[in-house]
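Enquirer: Dropping a prediction and its sequence here:
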Amino acid sequence: MLLKGCYNLKKLPSEMQNLINLRHLDIKGVRLYEGMPLGIKDLTSVRTLSDFVAGRSGEAGITAFLNLKFLRGAHCISMLQNVANASDDVREPILMDNERIDSLAVGWGFQNTPDESRDRDVLDRMQPHENLKKLTMVHYGGTEFPLWVDDPLFHNLVRLKLEDCKNCVTLPHLGLLSSLRNLVIERFPNVKVVDRCRKLELGGGFISANLMKVYGESFLFPPEEFMQGLRKLEMLTIGRDVRVHPFLSRPRGPCWVLFEGIIENEELLQKGIADSKIEILEFRRCKSLEKLPPWLHSFKSLRELLIEGCARLISLPDAVIYSSLCLEELKIESCDSLISIGRRQLPPTLKWLQISCQKLQRLMDEEIIDCDPNSSNLQHLKIDDWLSYILRQVTSFPQGSGYHLFWI
């Protein structure tokens with residue numbers, strides 16, 4: 001039964017339990033404010049169930065999973081605040097036997113009034129089978145996570161996302177999740193420090209992690225001990241008031257770093273980034289960024305630079321980018337205070353230049369007119385169509401020069 005995208009549908013048929021041969025039910029995007037219908041537990045033949053919206057009745061609550069033994073693939077369980085007391089409903093993990101579920105998302109409503117004991121009990125009963133590969137938890141109201149979240153038995157877990165858990169004061173000990181490659185931590189206002197991780201030290205975990213995203217409020221990340229195990233980390237996203245501890249200069253530091261919404265504590269950043277091996281650097285929605293930080297010149301391996309949505313950026317300082325030895329791709333988008341880009345601000349190694357800034361009035365200095373196009377490696381120039389009039393005045397792009405122009 002395919003009901004995906006039926007946004008106006010408020011509830012499912014009350015006698016769905018009669019569909020005893022139903023194998024597949026897709027209700028993504030359906031807002032079931034009253035939860036699943038009574039008798040959902042009788043659909044024992046269901047193989048794929050995209051979403052399960054917890055109801056207030058026991059038959060429409062999480063105990064229904066005790067009968068749904070054949071579920072497989074990706075599954076989402078939402079509105080868990082409707083479960084009044086999980087310990088009264090069931091005293092054992094309800095998903096433990098669903099070994100074919102490889103992706104699980106559990107969530108409480110965004111207007112959930114957190115109940116530490118209730119939410120902890122509910123999540124404790126959500127323990128999945130150890131074959132799980134992807135796990136997402138949203139709006140969890142407990143102060144800490146159950147022990148199963150960081151159990152090393154989850155040796156297949158490659159992606160973990162923890163989002164908007166405002167009551168949590170600690171993060172799980174994730175060091176023994178040996179296959180973890182993608183970690184997202186977002187909006188944990190009461191976590192001030194990522195504590196020293198005992199399991200991480202003993203196990204040397206995170207050895208396979210190659211992508212990590214961290215968001216928070218006054219969030220100190222990461223302590224030196226936490227990063228020592230990140231031997232294969234390739235991408236790190238840091239955003240929303242995260243205070244960065246010096247670590248990026250480690251020999252095994254990430255090669256792709258994204259700063260989102262912050263550029264604070266530049267002195268600390270400079271110490272952590274000096275002589276790093278970063279190859280891809282992104283600044284997104286950094287509202288306080290007025291000019292590029294001078295420590296950019298220390299990136300000896302930087303190949304790609306993206307600057308997007310930095311509304312107060314007014315200039316690209318000479319020599320900061322120009323001195324780059326390896327920069328090949330530069331993208332500047334939605335930086336609407338930027339009015340000019342000079343030739344001396346672009347390195348001779350640059351091959352791809354993409355610009356989309358509404359107030360840009362000048363592209364390249366007049367001196368470029370006399371430049372030999374063969375002295376530059378620039379091959380692709382991609383700009384807004386409304387900037388095309390600028391190019392008509394720039395004679396450094398002669399016919400047959402090898403440049404490829406694109407319009408956004």
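Expert: In hand now; what should we look at? Residues are numbered from 1 along each chain as shown.
Enquirer: Only C-alpha atoms from now on, for both contacts and neighbour counts.
Expert: Fine.
Enquirer: Could you count how many residues lie near the nearest residue to residue 325 once chain neighbours are set aside?
Expert: Leaving out its chain neighbours, the residue that sits closest to residue 325 by Cα to Cα, 6 or more residues apart in numbering is residue 300, at 6.4 Å. For residue 300, the neighbour count with other Cα atoms under 10 Å is 18.
Enquirer: Relative to residue 352, how far out is residue 300?
Expert: Applying Cα to Cα, to the nearest Å, the value for residue 300 to residue 352 is 18 Å.
Enquirer: residue ranges of the strands in the stretch 301-408 of the chain, please?
Expert: Assigned strands in the stretch 301-408 of the chain, in chain order: 304-308, 329-333, 340-341, 352-356, 362-363, 380-383, 404-407 (criterion: DSSP state E, counting those that start in this stretch).
Enquirer: Using CSV, lay out those strands together with distance to residue 95, mean pLDDT and mean neighbour count.
Expert: As requested, the strands of the stretch 301-408 of the chain are exported to CSV (distance: least, Cα to Cα, whole Å; pLDDT from 0 to 100; neighbours: other Cα atoms under 10 Å):
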stretch, distance to residue 95, mean pLDDT, mean neighbour count
strand 304-308, 42, 89, 20
strand 329-333, 45, 91, 19
strand 340-341, 57, 79, 18
strand 352-356, 48, 87, 20
strand 362-363, 59, 68, 18
strand 380-383, 51, 81, 18
strand 404-407, 52, 54, 14
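Enquirer: Which one of those lies nearest to residue 55?
Expert: Checking the strands of the stretch 301-408 of the chain against residue 55 by Cα to Cα gives strand 304-308 as the closest, at 42.4 Å.
Enquirer: Report the contact partners of residue 124.
Expert: Neighbouring residues of residue 124 by Cα atoms under 8 Å, 6 or more residues apart in numbering: 93, 146, 148.
Enquirer: just for this structure, where's the confidence low?
Expert: 57-60, 84-91, 111-112, 174-176, 192-277, 317-324, 342-344, 363-376, 384-408 (pLDDT under 70).
Enquirer: how is it carved up into domains?
Expert: Here the domain parsing of the chain from automatic domain parsing is 1-142, 150-278, 309-408.
Enquirer: Spatially nearest residue to residue 33 (excluding sequence neighbours)?
Expert: The shortest distance from residue 33 to any non-neighbouring residue, by Cα to Cα, 6+ apart, is to residue 10 (6.6 Å).
Enquirer: Ok, residue 339 next?
Expert: Spatially, and ignoring its direct neighbours in sequence, residue 339 is nearest to residue 360 (3.9 Å; Cα to Cα, 6+ apart).
Enquirer: Around the one you found, how many other residues sit close by?
Expert: Residue 360 has 17 neighbouring residues, counting by other Cα under 10 Å.
Enquirer: Redo the strands of the stretch 301-408 of the chain as TSV? Include distance to residue 34.
Expert: Shown next, in TSV, are the strands of the stretch 301-408 of the chain (distance: least, Cα to Cα, whole Å):
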stretch	distance to residue 34
strand 304-308	41
strand 329-333	44
strand 340-341	56
strand 352-356	46
strand 362-363	57
strand 380-383	50
strand 404-407	49
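Enquirer: Nearest to residue 44, out of those strands?
Expert: Residue 44 sits nearest to strand 304-308 of all the strands of the stretch 301-408 of the chain, at 49.6 Å, using Cα to Cα.
Enquirer: Who are the packing partners of that closest one?
Expert: Contacts defined by 3 or more Cα pairs under 8 Å, 6 or more residues apart in numbering; DSSP states H and E place strand 304-308 against strand 280-284, strand 329-333.
Enquirer: Format those as JSON lines; extra columns: distance to residue 37.
Expert: Formatted as JSON lines, the helices and strands packed on strand 304-308 follow (distance: least, Cα to Cα, whole Å):
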{"stretch": "strand 280-284", "distance to residue 37": "44"}
{"stretch": "strand 329-333", "distance to residue 37": "48"}
